[in-house]
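Asks: Please find the sequence and the predicted model below.
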Amino acid sequence: MSSRFVLVDSGVLVAFYNRRDRYHSPVVEFLGRCTEQLITTVACVTEVMWLLAPEVRVQNHFLSALEQGIIRAEPLIAEDYRRIQALNHTYQDLPADFADLSLVAISERLNIAQIATLDQDFDVYRRYRQESFVRVFYPQK
């Protein structure tokens with residue numbers, strides 16, 4: 001990986017913290033090798049917390065990684081919401097979810113093409129309306 005930053009989607013984070021997830025082992029292996037700063041959005045944090053419920057201990061372990069800066073939650077700003085509106089229209093046939101579109105918006109604002117995701121929609125989403133994401137994690141199925 002050449003960039004100093006990697007976007008990380010909710011599914012990867014859930015797989016890391018949920019030992020019963022079918023992708024847990026490959027995600028643990030990938031993140032163990034990853035030296036880049038992991039960046040997500042507050043929308044993804046909300047999704048991860050919901051998906052990890054009711055395991056409060058596991059949720060708190062995830063929150064601790066955010067507190068320590070191991071994972072950085074990028075806040076959304078006004079221009080991100082404008083971009084998400086446009087993306088929501090563009091990808092209405094998927095349909096795209098808010099957490100995914102928030103990652104697309106910050107990928108453009110922060111100029112980060114690399115993403116760790118389990119979501120095949122990121123093979124469809126385009127940055128700046130034309131650029132593909134660079135998937136840095138391909139799980140073994």
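Replies: Yep, that arrived. Numbers count the residues shown, from 1 in each chain.

Asks: What's the separation between residue 97 and residue 103?
Replies: 10 Å (CB to CB, to the nearest Å). Quick note: C-beta positions are derived from backbone N, CA and C, even for glycine.

Asks: Residue 120 now?
Replies: 14 Å.

Asks: repeat for residue 95
Replies: 16 Å.

Asks: There's contact between residue 75 and residue 42 in this structure, I believe.
Replies: Yes - here residue 75 reaches residue 42: they are 6.2 Å apart, a contact under CB atoms under 8 Å.

Asks: Pick out whichever of the two has more residues nearby.
Replies: Remark: of residue 75 and residue 42, residue 42 carries more neighbours, 14 against 8, as counted by other CB atoms under 10 Å.

Asks: Touching, the more buried one and residue 71? I think so.
Replies: No - using CB under 8 Å, residue 42 makes no contact with residue 71, being 11.5 Å away.

Asks: Looking at residue 120 and residue 103 now, which is surrounded by more residues?
Replies: Between residue 120 and residue 103, residue 103 has the larger neighbour count (other CB under 10 Å), namely 27 against 8.

Asks: mean confidence score for the helix or strand hosting the more buried one?
Replies: For residue 103, the enclosing helix or strand under DSSP states H and E is helix 98-110. Averaged over helix 98-110, pLDDT sits at 98.
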